[in-house]
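Asks: Structure for the following, please:
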Amino acid sequence: MAALQFQLEKTDASVTARAGTLTTDHGQIQTPVFMPVGTAGTVKALTQQQLLQEVNAPIILGNTYHLYLRPGLQVLEQAGGLHRFMGWSRSLLTDSGGYQVFSLSGTRKIAEEGVTFRSHIDGSTHLFTPESVMDIQRIIGADIMMAFDECPPADSDHTYARKSMELTHRWLDRCTTRFTQTPDRYGYTQNLFPIVQGGVYRDLRKISCDYIGSKQAVGNAIGGLSVGEPEEQLYDICGWCCEHLPVDRPRYLMGVGTPWNLLQCIALGVDMFDCVMPTRNGRNAMLFTSEGVVNIDNKKWEHDFSPLDSGIGSVVSETYSRAYLRHLIKSKEILGYTLASIHNLCFYQWLMREARAHIIKGDFTAWKTTMVTQLQQRC
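Replies: Okay, the predicted model is just below:
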């Protein structure tokens, strides 16, 4: 089996937007790509068949922290890895648990060795080290594994952000050593992505990009954004990182974001995205559409029998009306959460396909400018 491959096919002349193809042992992934988040081995409210047939997602995420706690490594190993456990035949990426550690600030302790934390399930104490996180992700069986990092808060001062970045770099060295010392699991190649940190400080991000780039990994990630900083800083730091990361390797911006965030960051040179927003917001009555943002809970949709969104290539979006989905959501019917989640994920996939097509065509900038304004409208 071969290591992850990335072929850069086209760069828009007016910006740094890129179209490419990323290949793992579980298939080809056209970029830019949005990856649905399957935290605990499930994209909430959807079956894997819906992800394959309706959403047509080429890759999804699993969460190291949550899967480690439940169902646990013994179950996952006996099942033959997460692919087999959940019945998923395409590519799989796992995060390192670093963001969950960040979000559990009241129940964890960071040290050079790693992070000690308490389970949100039963209060038991656990230790994540760079080495153990590599071992856990090997057992989960991800095609793409993330290095263990510390994700500092958005309001971190320069001193803390530097210390956090330097710790992340030392942890990366340990992750790389453990990764190279351990074999792939389950008969296919597993790949390691380092993560750039450095808070909102350009000088630190430059240092981190240079350090990460020197590792010559098959792909690189940008972490520590969309954690509370203003959008302007998100775009500034994202663009700065893209300027300093290797051109010939995929760039993954972690945990971002809204449809307009994605388009703006594609223009800056990002290839891969993930976020819980389409499914979480869908379950809370917010639909993303080609016409703008729809609060389907609003009474104005009670007698609107038009489709959720026509023209995005989704059977769900073209079959079911806004009035029907509003009825389901108001009635707290489970089907409502499923349809809203499918619609939003299909919309995100459509948006990525459109972005790719316009990059290849050469008119991405003009299209993006129009779409960003359109997508932010409240319908």
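Asks: Spell out the secondary structure type for G198.
Replies: Following DSSP: H, G, I helix; E, B strand; the rest coil, the label given to G198 is coil.
Asks: I'd like the distance between it and A147.
Replies: 15 Å (CB to CB, to the nearest Å). For every residue, glycine as well, the C-beta is placed using N, CA and C.
Asks: cool, D12 as well?
Replies: D12 is 30 Å from A147, by CB to CB.
Asks: same deal with L204?
Replies: Applying CB to CB to L204 and A147 gives a distance of 17 Å.
Asks: do Q49 as well
Replies: 32 Å.
Asks: who's more crowded, those two?
Replies: A147 (29 against 9; other CB atoms under 10 Å).
Asks: Any chance of the backbone angles for the more buried one?
Replies: phi -70, psi 150 (degrees, to the nearest 10).
Asks: Go over the secondary structure and confirm Q28 is in a helix.
Replies: No - assessed with three-state DSSP, Q28 is strand; it does not lie in a helix.
Asks: which residues touch stretch 332-340?
Replies: Stretch 332-340 is touched from outside by 44-46, 50, 282-283, 285, 287, 296, 308, 316, 320, 325, 327-329, with contacts defined as CB atoms under 8 Å, 6 or more residues apart in numbering.
Asks: And the buried ones among the residues you listed, selectable in ChimeraX?
Replies: In ChimeraX, this line selects whichever of the contacts of stretch 332-340 come out buried by 16 or more other CB atoms under 10 Å:
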select :44,45,46,50,282,283,285,287,296,308,316,320,325,328,329
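Asks: what's around the nearest residue to D155 once chain neighbours are set aside, how many residues?
Replies: Spatial nearest neighbour of D155, excluding adjacent residues (CB to CB, 6 or more residues apart in numbering): G228 at 7.1 Å. By the criterion of other CB under 10 Å, G228 has 9 neighbours.
Asks: Please report the distance of G228 from W240.
Replies: 18 Å.
Asks: Same check on P71?
Replies: For P71, the distance to W240 - CB to CB - is 40 Å.
Asks: Looking at those two, which one has more neighbours?
Replies: More crowded of P71 and W240, by other CB under 10 Å: W240, with 20 against 16.
Asks: Now for the spatially most central residue of the chain: which residues touch it?
Replies: Central residue of the chain (CA atoms, centre = their mean): D274, 1.9 Å from the mean position. Residues near D274 by CB under 8 Å, 6+ apart: F34, M35, P36, V37, L61, L93, Y252, M254, G255.
Asks: Excluding residues flanking it in the chain, which one is nearest it?
Replies: M35 (4.3 Å).
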